[in-house]
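[1] Got a sequence here, can you build the structure:
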Amino acid sequence: MRTIIHVNQHIIKSNQRYGKAEPVLTIKTYKDNRRASEVEILGPSKLIYSPDKPLSCGARVWVETEAEVIIK
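    Predicted coordinates:
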């Protein structure tokens with residue numbers, strides 16, 4: 001199953017502004033979107049920078065993998 005992981009910059013800014021520590025990583029699969037502060041990728045992955053064709057959420061940098069992802 002393809003998994004996409006990206007850093008949500010809006011949550012980083014909100015955390016700094018309001019002194020919070022909300023998870024900033026978004027982990028997307030065809031089934032769901034989850035948030036985390038740490039993930040472990042158990043296999044090959046690809047880091048992508050695509051400024052001209054961002055993801056629908058607006059992310060321009062993300063990790064794609066078919067490997068198992070452990071959300072911590």
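[2] Mean confidence (pLDDT) on whichever strand or helix holds Arg17, please.
    Using DSSP states H and E, Arg17 sits within helix 9-18. Mean pLDDT, helix 9-18: 97.
[3] ok, then the element right after it?
    strand 25-28.
[4] Does Ser50 touch Gly58 like I think?
    No: Ser50 is beyond contact range of Gly58, at 11.4 Å (criterion: C-beta atoms under 8 Å). Backbone N, C-alpha and C define where each C-beta goes, glycine included.
[5] What is the burial count for Arg60?
    Neighbours of Arg60 under the rule other C-beta atoms under 10 Å: 14.
[6] Show the backbone phi and psi for it.
    Main-chain dihedrals, Arg60, degrees, to the nearest 10: phi -110, psi -10.
[7] need the contact list for Ile41.
    5, 63, 65, 67-69 (C-beta atoms under 8 Å, 6 or more residues apart in numbering).
[8] before we move on, back to that, residues making contact with the helix holding Arg17?
    By C-beta under 8 Å, 6+ apart, helix 9-18 touches 20-24, 35.
[9] got the buried residues for stretch 14-22?
    Applying a neighbour-count criterion of 16 or more other C-beta atoms under 10 Å, one finds nothing buried in stretch 14-22.
[10] What's the end-to-end length of that stretch?
    9 Å (C-alpha to C-alpha, to the nearest Å).
[11] okay, the residue lying closest to Arg2 once chain neighbours are set aside: pLDDT?
    Closest residue in space to Arg2, ignoring its immediate chain neighbours: Glu66 at 5.8 Å, by C-beta to C-beta, 6 or more residues apart in numbering. For Glu66, the pLDDT comes out at 98.
[12] Count residues in the vicinity of Glu66, would you?
    Using other C-beta under 10 Å: Glu66 sits among 12 other residues.
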